[in-house]
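[1] have a look; sequence and predicted model below, questions after that.
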Amino acid sequence: MRSYPETVRISLSRNRAAGLIAASSPDLPGLLVVAGTMDEIDDRLPSAIAQIVEAQFSVKVRAEPIESSDVGFAPIVERVMELAAA
């Protein structure tokens, strides 16, 4: 049985023409959150991550942001979410 990732790196892309921001993750296939503002992205990410982890790994988690510098990621990573059993 695979275990869920302890951290999830979030990559952000902006479509200026459409006025949208997209958040995805190389650590969690299927994660895609699209919104008009970073506040909306930040609000939606934790529940989207928790739902995907539950669907893929059959475990409930909560996702909370941590500083990317705390885990040694390069500056291109805009958000890092830490997962813990809920």
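    Sure, I can see it.
[2] and the residue nearest the centre of the chain?
    Compute the mean C-alpha point of the chain, and by C-alpha atoms, centre = their mean the closest residue is residue 10, 4.7 Å away.
[3] and the average pLDDT for the host helix or strand of that residue is what?
    Using DSSP states H and E, residue 10 sits in strand 7-15. Model confidence over strand 7-15 averages 89 on the pLDDT scale.
[4] thinking again about what came up before, beta partners of the residue nearest to the centre of the chain?
    Beta-bridge partners recorded for residue 10 (DSSP bridges): residue 79.
[5] residue 32 versus that one, what's the distance?
    In this structure, residue 10 and residue 32 are separated by 11 Å, where distance is defined by C-beta to C-beta, to the nearest Å. For every residue, glycine as well, the C-beta is placed using N, CA and C.
[6] overlap in contacts, the two.
    Contact criterion C-beta atoms under 8 Å, 6 or more residues apart in numbering; residues bridging residue 10 and residue 32 by contacting each: 23, 24.
[7] would you list every one of the strands in this protein?
    Per DSSP state E, the chain carries strands over the ranges 7-15, 20-24, 32-35, 61-66, 79-85.
[8] alpha carbons of the fourth one, in PDB - could you do that?
    What follows is the C-alpha trace of strand 61-66 in PDB, where atoms were taken according to Å, rounded to 0.1, in the frame of the first residue of the first chain:
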ATOM      1  CA  VAL A  61      -5.600  14.400   6.100                       C
ATOM      2  CA  ARG A  62      -5.600  18.100   6.800                       C
ATOM      3  CA  ALA A  63      -3.300  20.300   4.700                       C
ATOM      4  CA  GLU A  64      -1.700  23.400   6.100                       C
ATOM      5  CA  PRO A  65       0.700  25.800   4.500                       C
ATOM      6  CA  ILE A  66       4.400  25.900   5.600                       C
END
